[in-house]
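*Asks:* Got a sequence here, can you model it:
(2 chains)
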Amino acid sequence: MHSMKMITTYLYSRYERFWHWLQMALIFLLLITGLEVHGLYSLMGFEQAVNIHNFVGITWLIAFAFFVFWVFTTGEWKQYVPTTKKLFAVIRYYSFGIFKGELHPVPKRKGAKHNPLQRLTYLSLAAMLLPIQMVTGVFYWTYNSWETWGLGFLSLKVVALIHLAGAFFILTFIIVHVYMTTTGHSIFAHIKAMITGWEEIEEGVEIEDWEKASRKQFSETVS
Amino acid sequence: MMRKKLRQYFIVLLLLGMCSLVFVPMPSFAKQEQEAPGLELARQAVKAERKTTTADHSQFKALQQAFASGPEISKACMSCHTKAADQLKKTLHWTWLDPNSPKNNQKGKAGYSLNNFCISANGTHDHHCNECHIGWNAEGKKAEIDCLRCHGQKKINWEEAFEDYEYFMESNDPEEKALAKEVQAEIQEAAQSVGRPTRKNCGSCHFSGGGGDGVKHGDLDPSLINPNRQLDVHMGYDGRDFECIRCHTTIAHRVAGRIYGTPASKTRQSLLEHDLEPKIMCESCHSDKPHKSSGKMNDHTDKVACQACHVPKIAKILPVQTWWDWSKAGKKKDGKPYDIIGPFGKPVYQSTRGETRWEKNVIPKYLWFNGSIQGATAKDIIDPSKLVKLAWPDGNRNDKNARIFPFNIHSGKQPYDTVNKTMATPLLSGGQGYWSTFDWKDSIERGAKYLNLPFSGKIDFVETAYVFPSTHMVAPKEDALECSQCHTRPSSRLANLTGFYMPGRDRLKLIDIAGWAIVLCSFGGIVLHALGRIFTNGRKKEE
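*Replies:* Sure, this is the predicted structure:
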């Protein structure tokens, strides 16, 4: 099925990998403790769960600020610009083509590491779901100050339930996301790439203009 | 070039950011064991532990005379403490009247207040109730003040002692005269043994209200005369060994505490904010931010009273009465009244009182409370189709001063006037009281007359409830409630309080179901997808 020659290319920078796995750890902790706070099970006790959730939440906020800084200063944000181009091709691929051994319509390349579906998913995540979680989380955390901040109109129930709904979406994302890592040319190829930074890609696939890396443009303009 | 600089800048920021985590409240597992600020504050507030006295009362001439009656002793006291009687007679302890309630429907034991224990003091005409009035006999406010009730450190049977003394004095037998001297010596010794009120003094009434030990409060009973710190961390002999007046601070015989609808303290200030405030509130010594700043605990003190977590259960050693059904009273065996003693050695049935229930290690009920308790009176119109709340805390979730507070609820059944729709006030003690006649109508008629209240002659029994705030028997911190005892479902201690969202206790089923549905669907989806891949790839290989 893989008749093309594979070459390895450096796809994920050190910071990017660090951020990815830090995110994973933080989200894992937040989910475990958050669902305990929601009364789903009793693992470490409500008090400990709340304390850890708050601590990890604040850690997350700080770490996310760095991600925002990174994504804008490096121009990586362009990799998150959504497009409908080939979007349906990718959806078709995961729905049918993958079973027939077809090639991915938008394979990973340096400077264009997100296919249109990933762009859409990661943009919704980074620009919508995660900010919603952060905003509702901060409100939840600062509940006692609402009155003095003039936010008395807020309802803890609404804030808590939005935060919970967000958690369910994140959990859903994780399930699909982890599964999708197995759809590379080998089961662990994508995971290995996120650890080492080097991804095996098929040689000779050209990057199309519309998805051209921001990195290149960025270096053109600044250097 | 530019990129490299940016990169360096970024790394420095990253390191700084990681360092700033130090300032984030750390979870407790990472913290060293250190003292809560509220504990430290309180320790300073009560540093000068014992008050000393400069007077040895046995040296005073006024107390060395022969006393033939109680009032003579009080007169001797007041020959030095000239203002004491004036001070005392203005206090609730003497008047039994709530000064802050309307005159035409005045609350208080000497007023129209009633409860579901011995129901009414019939305007201090029920002499049995007057046993706890601080006068020298059962005549209520007509009697002379009995200073020794609160200040006497040696308890003797005064009535018997004075009777014996009188009897022996009148005798001409030298042996009996000698006996009179002996009795007088005993009287004098007791009269001279005076001091500030101890737990025993206060407890002689407050631990046995309602006609017996632990009938009323649940958090106040004779186990507190000599408690260990496990029972009460403040009063325990192996704890701080506080007397009642350590917190119920007193000015001119006015003891700090709640008076019916008037809160014990209207402000929740610490002594640091106002050093002349009574020490009656927990906050007085512990401040309103008593816990370590690492957790969420201090964020609770605006809505949850300290007692809610720190008085996790009451009646820890002695049982408390939880139910008193007057409607069952009056049964007789062979024409005679009888008692049945049940568990804990407490009566479960008495012909004179009816059916009672007792419990130990009672978990309090939690209600919103702004410090004021609304008490019903014999003049109030009731709705007999519902539970009649004779005493119930004031406050709700939207009341800024209200917090969740633990209560002991005493329930029961008692008579009411079915025509006037008012609670009945039977006279109980004495030859014409219910305990002698077992005649409800007659005793209610008599009781009503003492209060100048109408009585239709028609009665029935209605279920009533009466609350006592659980504020004593403060547990050591290791026994305080865990977060999860309220933040849980469905067995939350606060399950009955609604109208607000509480993490761990509350949820919206719709979101939970929808959330898990999405999670499960996605999981099912990937399983199918994976199976599809395995199946089709397998087929390919065969080709």
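*Asks:* what number of residues lie near residue 82?
*Replies:* Because you didn't say which chain, this covers chain A. 16 (other CB atoms under 10 Å in any protein chain shown). Glycine gets a C-beta too; all of them are placed from N, C-alpha and C.
*Asks:* oops, I was thinking of chain B
*Replies:* 9.
*Asks:* just the one 4 residues further on next, same as before
*Replies:* Around residue B:86 there are 11 other residues, counting by other CB under 10 Å.
*Asks:* Kindly report the same for residue B:225.
*Replies:* 14.
*Asks:* and if you look at residue B:524?
*Replies:* 11.
*Asks:* same check, this time on the one 4 residues further on
*Replies:* Under the neighbour criterion other CB under 10 Å, residue B:528 is assigned a count of 10.
*Asks:* What residues of the helix or strand hosting it count as buried?
*Replies:* Residue B:528 is part of helix B:509-542, with elements assigned from DSSP states H and E. For helix B:509-542, the neighbour count (16 or more other CB atoms under 10 Å in any protein chain shown) marks B:511, B:512, B:515, B:518, B:519, B:522, B:526, B:529 as buried.
*Asks:* which strands and helices sit next to that helix?
*Replies:* Helices and strands touching helix B:509-542, by 3 or more CB pairs under 8 Å, 6 or more residues apart in numbering or on different chains; DSSP states H and E, are helix A:98-100, helix A:156-180.
*Asks:* what's the spacing between stretch B:346-357 and its chain's center?
*Replies:* Here stretch B:346-357 is found 23 Å from its chain centre; the criterion is CA atoms, centre = their mean, to the nearest Å.
*Asks:* Can you dump the C-alpha atoms of it in CSV for me?
*Replies:* The C-alpha coordinates for stretch B:346-357 follow below in CSV (Å, rounded to 0.1, in the frame of the first residue of the first chain):
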residue,chain,number,x,y,z
LYS,B,346,-34.8,7.6,79.7
PRO,B,347,-38.5,7.5,79.9
VAL,B,348,-40.3,6.7,76.7
TYR,B,349,-43.7,7.0,78.2
GLN,B,350,-45.0,8.9,81.2
SER,B,351,-48.7,9.3,82.1
THR,B,352,-47.9,12.8,83.1
ARG,B,353,-46.1,13.8,79.9
GLY,B,354,-46.9,11.4,77.2
GLU,B,355,-44.6,9.7,74.7
THR,B,356,-41.0,10.8,74.3
ARG,B,357,-38.1,9.7,72.1
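*Asks:* residues making contact with that stretch?
*Replies:* By CB atoms under 8 Å, 6 or more residues apart in numbering or on different chains, the list of residues contacting stretch B:346-357 from outside reads B:211, B:319, B:321-332, B:337-342, B:358, B:413, B:434-435, B:438.
*Asks:* Pipe the helices and strands packed on helix B:509-542 into a markdown table and attach mean neighbour count, mean pLDDT and distance to residue B:166 per row.
*Replies:* What follows is those, written out as a markdown table (neighbours: other CB atoms under 10 Å in any protein chain shown; pLDDT from 0 to 100; distance: least, CB to CB, whole Å):
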| stretch | mean neighbour count | mean pLDDT | distance to residue B:166 |
| --- | --- | --- | --- |
| helix A:98-100 | 16 | 88 | 111 |
| helix A:156-180 | 18 | 96 | 71 |
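*Asks:* could you dump these to CSV with distance to residue B:467?
*Replies:* Converted to CSV, those look like this (distance: least, CB to CB, whole Å):
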stretch, distance to residue B:467
helix A:98-100, 68
helix A:156-180, 28
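*Asks:* So for chain B, which of those helices sits nearest?
*Replies:* Set against chain B and scored by CB to the nearest CB, these come closest in helix A:156-180, at 3.2 Å.
*Asks:* next helix or strand past that closest one?
*Replies:* Using DSSP H and E, the helix or strand that follows helix A:156-180 in sequence is helix A:189-196.
*Asks:* Could you list every helix and strand in contact with that next one?
*Replies:* Counting contacts by 3+ CB pairs under 8 Å, 6+ apart, helix A:189-196 is packed against helix A:14-37, strand A:198-202.
*Asks:* any idea of the angle the first one forms with helix A:189-196?
*Replies:* For helix A:14-37 and helix A:189-196, the angle between their directions (axes from the mean of the first three to the mean of the last three CA atoms, to 10 degrees) works out to 110 degrees.
*Asks:* Is helix A:14-37 positioned near chain B?
*Replies:* Yes - if you take CB under 8 Å from any CB of the partner chain as the test, helix A:14-37 does meet chain B, through A:15, A:37.
*Asks:* got the buried residues for the helix ranked longest in chain A?
*Replies:* The helix that spans the most residues within chain A, counting by DSSP state H, is helix A:46-73. Of all the residues in helix A:46-73, those buried under the rule 16+ other CB under 10 Å are A:46-60, A:63-64, A:66-67, A:69-71.
*Asks:* got any ranges where the stretch 1-150 of chain B has weak pLDDT?
*Replies:* For the stretch 1-150 of chain B, the stretches with pLDDT under 70 are B:1-7, B:9-33, B:48-51.
*Asks:* For it, which segments count as helices?
*Replies:* Ranges of helices in the stretch 1-150 of chain B, per DSSP state H, counting those that start in this stretch, are B:2-20, B:37-45, B:70-80, B:84-89, B:92-95, B:127-130, B:147-151.
*Asks:* Wait, residue B:228 touches residue B:235, no?
*Replies:* No - counting by CB atoms under 8 Å, residue B:228 stays clear of residue B:235, with 9.2 Å between them.
*Asks:* Neighbour count for the two, which is higher?
*Replies:* Using other CB under 10 Å as the criterion, residue B:228 and residue B:235 rank with residue B:235 on top: 24 against 15.
*Asks:* measure that one to chain A for me?
*Replies:* For residue B:235, the distance to chain A equals 28 Å [CB to the nearest CB, to the nearest Å].
*Asks:* try residue B:287
*Replies:* 16 Å.
*Asks:* list the contacts for that residue?
*Replies:* B:37, B:38, B:41, B:270, B:272.
*Asks:* Buried subset of these as a ChimeraX selection?
*Replies:* Burial among the contacts of residue B:287 is assessed by 16+ other CB under 10 Å; the matching ChimeraX selection reads:
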select /B:37,38,41,270
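*Asks:* Out of the contacts of residue B:287, flag the one nearest to residue B:394.
*Replies:* Closest approach to residue B:394 among the contacts of residue B:287 (CB to CB): residue B:270, at 23.9 Å.
*Asks:* where does chain A have low pLDDT?
*Replies:* Those would be A:1-4, A:204-223, if you go by pLDDT under 70 across chain A.
*Asks:* Where do the strands of the stretch 201-350 of chain B begin and end?
*Replies:* Listed in chain order, the strands of the stretch 201-350 of chain B (DSSP state E, counting those that start in this stretch) span B:250-251, B:254-255, B:320-325, B:339-341, B:347-350.
*Asks:* could those go into JSON lines alongside mean pLDDT?
*Replies:* As requested, the strands of the stretch 201-350 of chain B are arranged in JSON lines below (pLDDT from 0 to 100):
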{"stretch": "strand B:250-251", "mean pLDDT": "93"}
{"stretch": "strand B:254-255", "mean pLDDT": "95"}
{"stretch": "strand B:320-325", "mean pLDDT": "97"}
{"stretch": "strand B:339-341", "mean pLDDT": "97"}
{"stretch": "strand B:347-350", "mean pLDDT": "97"}
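*Asks:* Can you tell me which of the contacts of stretch B:346-357 are buried?
*Replies:* B:211, B:319, B:321-330, B:337, B:358, B:413, B:434-435, B:438.
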